[in-house]
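> sharing a model that was predicted from the sequence below.
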Amino acid sequence: MFSRILIANRGEIALRIIRACQELGVETVAVFSQADKDAPYIRQATEAVCIGPANAAASYLNIPAIISAAEITDVEAIHPGYGFLAENDHFAEVCRDCGIGFIGPSPEAMRMLGNKIEAREIAKKAKVDVVPGSKDALKDEAEALKMANKLGYPVILKAAAGGGGRGMRVVHNDISMHGAFAAARSEAEACFNNGTLFIEKFIIEPRHIEVQVMTDSHGNALHFYERDCTIQRRHQKLIEEAPCGILDDKTREELCRAAIRLVKQTEYVGAATVEFLLDKNKNFFFIEVNTRIQVEHPVSEIVTGQDLIKWQLKVASGERIELRQKDIKLNGAAIECRINAEDPARDFAPSPGRIAEFIPPGGPGVRLDTHVHQGYVISPYYDSMIGKLIVHRNSRDSAINTMKRALREFKVSPVKTTIPVCLEILRHNLYVENNIDTSFIEKHME
């Protein structure tokens, strides 16, 4: 096991990693921007280093500054958390070249799976169904039109290097292709410095299901079952559940085995999330792999009784996963609501500012992962997440009731948050009946 690591991230995930390290006896170095200099979680780390001004490009995305901090604090490895540099293969390569461990997959595995076109080919080799679409990158709009007519509308344009819903456009006819192609390519270039696009058939009213996988350097690969991430707005997840309440045991086993087969096609070490679309007939289709820990990992931890951050640290340090698949059991149902400083009434616009009132929920079955407190300032520079509210009960219905109670207890003001919309979703009869798809918010929420 490592004796000392640096956390190249901020906020909730930085605190989550610090806590896991403390329980393992691992020293931590927290890096922070000038905007985060007063964040209380920084004082929980063994050491802290300022790496730049508030702007993320000059701090949390500043690779030379992070590597310098790692070298002067004499760490063995860097944990990238999620977001920022977590899926940046160049950063992973720089760490390796500098003799610093990277708590995640190799740069090669990250590149292979991070490119959605290449990942589709890997899935096919693993005999995992993919959404029908283009095999190669689209050369131009004319080729996109040709493929769209071959597949049949609607189709979806996707950025090959994309993530987080950016560089994606649903297209319903030839006329709308022109604007959609230009917009998707422009957004992909701006967000990922890579305007490469591909096209897929758009699955009508799907559910978004993902499988949590962990692999080690000794050839072991285990899954921690699936999460249902169907409730999302603009391709950004808002509510997640584990397990998926509509899957039968046979489909669940096939889905999880498919995820394992796919990841084992590469020499992958660490946490991975294999994402699928599930159609109305419970056919599942691979869409992408996230080569990092996910925001929603706590629901998988709760229903399996496993600490995924600790497993990340262990396998990255070369330890063998001693668990067997049969040792990992599903227990009850968990739901996570992402509590963001956003105004749902203004199309989820960011709502930065100082938090004057912060009353967290509690009671049986409730967990709150947050770095926020009364007086904390939600910065306009970074992600607007306040925290992740998670509940665990013996059934989905019970979990819904506990989450509704916890959301009513949770008081945050004067900034606007997603608490009201999460509560409204959980009260909706279609959500309670588990009759949902990825367009639920657009179709059913005002």
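In hand now; what should we look at? Numbers count the residues shown, from 1 in each chain.
> CA atoms for contacts and neighbours, from now on please.
Fine.
> give me the residue at the spatial middle of the chain.
Gln294 (3.4 Å; CA atoms, centre = their mean).
> what sits closest to that residue if chain neighbours are left out?
Take Gln294 and drop its neighbours on the chain: the residue closest to it by CA to CA, 6 or more residues apart in numbering is Tyr82, 6.5 Å away.
> pLDDT value on the one you found, please?
Tyr82 carries a pLDDT score of 96 in this model.
> checking it next. Helix, strand or coil?
Recorded secondary structure, Tyr82: coil (DSSP: H, G, I helix; E, B strand; the rest coil).
> isn't it right next to Glu296, touching?
No: counting by CA atoms under 8 Å, Tyr82 stays clear of Glu296, with 10.6 Å between them.
> pLDDT below threshold where in the protein?
164, 446 (pLDDT under 70).
> just how off-centre is the longest helix seen in it within its chain?
When the chain is parsed with DSSP state H, its longest helix is helix 174-192. Centre-to-centre, helix 174-192 and its host chain are 24 Å apart (CA atoms, centre = their mean, to the nearest Å).
> equivalent analysis for stretch 253-260, please.
Using CA atoms, centre = their mean, the offset of stretch 253-260 from its chain centre is 19 Å.
> which residues are contacting that stretch?
126-128, 211, 213, 221-223, 225-226, 274, 284 (CA atoms under 8 Å, 6 or more residues apart in numbering).
> now do stretch 103-122
Under CA under 8 Å, 6+ apart, the answer for stretch 103-122 is 77-80, 87-90, 92-93, 130, 135-137, 159-162, 198, 262, 265-271, 286-292, 312-313, 316.
> let's go with 7 Å and repeat that
With CA atoms under 7 Å, 6 or more residues apart in numbering as the test, stretch 103-122 has contacts from 77-79, 87, 89-90, 92-93, 130, 135-136, 160-161, 262, 265-271, 288-289, 291-292, 312-313, 316.
> these in strands, which ones?
The strands in this structure, assigned by DSSP state E, contain 77-79, 270-271, 288-289 from these.
> return the member of those residues nearest to Ser300.
Ala271 (12.2 Å; CA to CA).
> how close does that closest one get to Leu368?
Ala271 sits 22 Å away from Leu368, going by CA to CA, to the nearest Å.
> thinking again about what came up before, ChimeraX command to pick out the buried ones of the ones in strands among the contacts of stretch 103-122?
Those of the ones in strands among the contacts of stretch 103-122 that count as buried under 16 or more other CA atoms under 10 Å are selected in ChimeraX with:
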select :77,78,79,270,271,288,289
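> quick check: the farthest pair among the ones in strands among the contacts of stretch 103-122?
The widest separation within the ones in strands among the contacts of stretch 103-122 (CA to CA) is 26.7 Å, between Ala77 and Glu288.
> can you give me the strands in the stretch 151-300 of the chain?
155-159, 169-171, 197-201, 207-215, 221-233, 236-242, 270-278, 284-290 (DSSP state E, counting those that start in this stretch).
> residues contacting the closest residue to Ser3 other than its chain neighbours?
Closest residue to Ser3 apart from its sequence neighbours, by CA to CA, 6+ apart: Val26 at 4.9 Å. If you count contacts by CA under 7 Å, 6+ apart, Val26 has them with 2-4.
> apply 8 Å and report the result again.
Val26 sits next to 2-5 when contact means CA under 8 Å, 6+ apart.
> by neighbours, which of the residues you listed wins?
Counting neighbours by other CA atoms under 10 Å, Ile5 leads the contacts of Val26 with 27 neighbours.
> I figured that residue hits Ala77, correct?
Yes: under the criterion of CA under 8 Å, Ile5 makes contact with Ala77 at 4.9 Å.
> and stretch 20-30, what's buried?
Buried-residue list, stretch 20-30, by 16+ other CA under 10 Å: 20-21, 26-30.
> got these as CSV, with secondary structure columns?
Output for those, formatted as CSV (three-state DSSP):
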residue, secondary structure
Ala20, helix
Cys21, helix
Val26, coil
Glu27, strand
Thr28, strand
Val29, strand
Ala30, strand
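> quick one on the thing from earlier: would you turn the strands of the stretch 151-300 of the chain into a markdown table with distance to Phe348?
Below are the strands of the stretch 151-300 of the chain laid out as a markdown table (distance: least, CA to CA, whole Å):
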| stretch | distance to Phe348 |
| --- | --- |
| strand 155-159 | 23 |
| strand 169-171 | 19 |
| strand 197-201 | 27 |
| strand 207-215 | 21 |
| strand 221-233 | 9 |
| strand 236-242 | 11 |
| strand 270-278 | 25 |
| strand 284-290 | 24 |
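> of the ones you listed, which is nearest Thr73?
Among the strands of the stretch 151-300 of the chain, if distance is taken as CA to CA, the winner is strand 270-278, at 24.3 Å.
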